[in-house]
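**Q** sharing a sequence plus its predicted fold:
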Amino acid sequence: MTASGLPTRMLSSIPASPGLVASVQRLLSYIDDLPIGATGALHFGDQGVILLESRKICWAVARSMRIRLTDILRNQSTPPLPRERVEQIYRRCKESGTPIGEALVASGLATEAGLRAALFKHNGEAIVALAQSGMGPDRFVDHVKTGYDPKFSFTSCEVLAMLGSFDDMARAAAAQLELGGMLVQDSVGAAFARNSSASGALVIAVSAGCNFATADLIGVCNWVSSLFDIARTFDPEVFVARANWGGSVGLVTWRLKDVGYLGLCSSRAAAARLLSRLSERAGRPSGVLLRGERGDEPA
Amino acid sequence: MTQPQLESLVASMRTGAVLHSGEDQALPEQLTELAATLPEIFGAVEIGCLERIASKLGAEPGSDMFAEVLLLSESRVHVIHPLSNRADEALLASAPASRSIGLLLSQVHARAAELAEAEE
C-alpha cells in the first residue's frame, strides 16, 4: 500500500477472500490491457465507473458503496471536519466543476497526503465493490482530458497491493517500510506473501513507481517465490538471489520472516547496490559490488 | 587476493543432467543438486512477464534472456550462467561465501569464455 500511514480508523473491513482477490485481479488486468495512455471512463453498466488518465486510476465509484470521499476526509481529523464547511466547498465545486478533494486541500482543510490516502481508500473500496458486483466493464469512453492531478491517481499495482494488505495490515506496513529502507535508486519493488486468499503470491506492498501490469508483477513474484523454495532444497541458507536479464535489467529478491521481496532494477549497477545493501545487513563481508557492475563496464 | 575455491560444471537446463565437469574431479554434491533443480527454476519462468517488465525498465528489445542467476547463502555463493552459444546449457559454479564475489564471477566468465572457445 503506497498510500502508507493510513490512520487506523481508515482501514477497510473488506475481507481478502480468494474469490474477491481473483475478481479484482481480473478487473485490474482489464485496465492493464487498455492501450498505453488510455484516458477516459470505464463503465460497468449501471454499477459504476472508473476514470482513468494514462491508465492510472483517478476516480472510481460503485453504486453499492456505502462511504463517500467527503466522509473519509472529514474523519481524518480529530475532531472531524465540520460537515457544513465541507458541504459548502462541495457546493462550490459542483458549480465550478472543480474536484472536491483538491478544493479541500486548497482551503487548508485537508493535506495532500491526507487527500491521497482518502482517495486511495475510496477508489479501492469502489473497485472492490465493482469486482464484487459481477458486472464486467461494458464500454470505455475516451476523454481528451480528465483534469485530475497525477499526484492523486493510482496504478493498478498500488490497488492490487492495497487489497493484499487487508490480509494483515501490520505485516503490510512492515513490508512497506522494508521496501522503503532497502530499495536503491533506479529500482522499484514489491512485497508479497503466500496466502490461501490468492492462488499464488499475494502482493501486499509496492514502492512508488511500481507500474507494471498486475499479471506480470504477480508472475515474477511467483517465480522468485519458487526460486527461493527450490534453492533452499540444496542450500537451506540461501538468503538473497539476483538475476540479470534483458541485457541491463536486474532483479534482486530476498525473504524476511514470511514475506518475499522483489527489487526490479533498471541497471545492473542498481541491482549490485541492492545486493550489496542486503549482504551487509546479513553481516556478509563487502565485495558484493561486482566487478563490471558499477555501470561503466560490461559485467 | 587468493583465487576462490571454485567448483564448476556444465549442466542441461532442460533435464538437469550434468554434462561436463572438471578434469577427473568428483562431482561436487551441492552443484549436482543445483543442476537437478535447473528445469524447475527455468521452467517456472514466464518469459513473457520478464520481457514486458524488462521493456518497462528500459531494456532493449531482443536482449538475451538470462545473463546470470546468483544465489547467496550464509556459507556459499552459487552462480548459474547460461551459456550463450549452447542452447539449454548452463555453467554452474560455487565457492565459499567468504571469497570475493567479483573474483568468483570473473572466474565464471573466464570459464564460460573457455567453453565458448572450445566449442568453436
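**A** Cool, got the structure. Residues are numbered from 1 along each chain as shown, chains lettered A, B, ... in the order given.

**Q** okay, CA-based contacts and neighbour counts for the rest of this
**A** Fine.

**Q** quick check: A:Trp254 is in a helix.
**A** No. Under DSSP: H, G, I helix; E, B strand; the rest coil, A:Trp254 falls outside any helix and is assigned strand.

**Q** in chain A, which residue sits nearest chain B?
**A** With CA to the nearest CA as the measure, A:Val238 is the residue of chain A nearest to chain B, at 3.7 Å.

**Q** does that residue touch A:Arg232 like I think?
**A** Yes. Shown here, A:Val238 and A:Arg232 form a contact pair, counting by CA atoms under 8 Å, at 6.2 Å.

**Q** neighbour count: the two, which is higher?
**A** For A:Val238 versus A:Arg232, neighbours defined as other CA atoms under 10 Å in any protein chain shown are more numerous around A:Val238 (22 against 15).

**Q** what ranges does the stretch 151-299 of chain A have for its strands?
**A** Per DSSP state E, counting those that start in this stretch, the stretch 151-299 of chain A has strands spanning A:187-194, A:201-206, A:238-245, A:249-256, A:259-265. These are given in chain order.

**Q** out of those strands, which gets nearest to A:Phe154?
**A** Distances from A:Phe154 to each of the strands of the stretch 151-299 of chain A were compared by CA to CA, and the smallest falls on strand A:201-206, at 11.6 Å.

**Q** so which residues make contact with stretch A:68-79?
**A** Contacts to stretch A:68-79, defined as CA atoms under 8 Å, 6 or more residues apart in numbering or on different chains, come from residues A:7, A:10, A:80-83, A:86, A:101, A:110, A:114-115, A:118-119, A:122.

**Q** same thing with stretch A:98-111?
**A** Outside stretch A:98-111, the residues within contact range by CA under 8 Å, 6+ apart are A:Thr70, A:Leu73, A:Leu81, A:Val86, A:Ile89, A:Tyr90, A:Cys93, A:Glu112, A:Leu115, A:Tyr148.

**Q** one more time with 6 Å, if that's ok
**A** Contacts of stretch A:98-111 with the rest of the structure, by CA atoms under 6 Å, 6 or more residues apart in numbering or on different chains, involve A:Tyr90, A:Cys93.

**Q** quick check: end-to-end length of that stretch?
**A** The stretch stretch A:98-111 measures 17 Å between its terminal residues, going by CA to CA, to the nearest Å.

**Q** ok, which residues in chain B are in contact with chain A?
**A** Among all residues of chain B, those adjacent to chain A (criterion: CA under 6 Å from any CA of the partner chain) are B:33, B:41, B:45, B:49, B:54, B:57, B:59, B:63-74, B:100-102.

**Q** and the strands of the stretch 151-299 of chain A, which is most packed in?
**A** Here the criterion is mean neighbour count by mean count of other CA atoms under 10 Å in any protein chain shown, and of the strands of the stretch 151-299 of chain A the winner is strand A:201-206, at a mean of 30.

**Q** contacting residues for A:Gly189?
**A** Applying CA under 6 Å, 6+ apart to A:Gly189 gives the contacts A:Val206, A:Ser207, A:Leu262, A:Gly263, A:Leu264.

**Q** leaving out sequence neighbours, find the closest residue to it.
**A** A:Gly263 (4.3 Å; CA to CA, 6 or more residues apart in numbering or on different chains).

**Q** look at that neighbour and report its pLDDT.
**A** The confidence metric pLDDT takes the value 97 at A:Gly263.

**Q** ok, now which ones touch it?
**A** For A:Gly263, the set of contacting residues under the criterion of CA under 6 Å, 6+ apart consists of A:Val188, A:Gly189, A:Leu251, A:Val252.

**Q** what is the neighbour count of residue 112?
**A** Using chain A. A:Glu112 has 16 neighbours, counted by other CA under 10 Å.

**Q** that's the wrong chain, I wanted chain B
**A** Based on other CA under 10 Å, the number of other residues close to B:Ala112 is 21.
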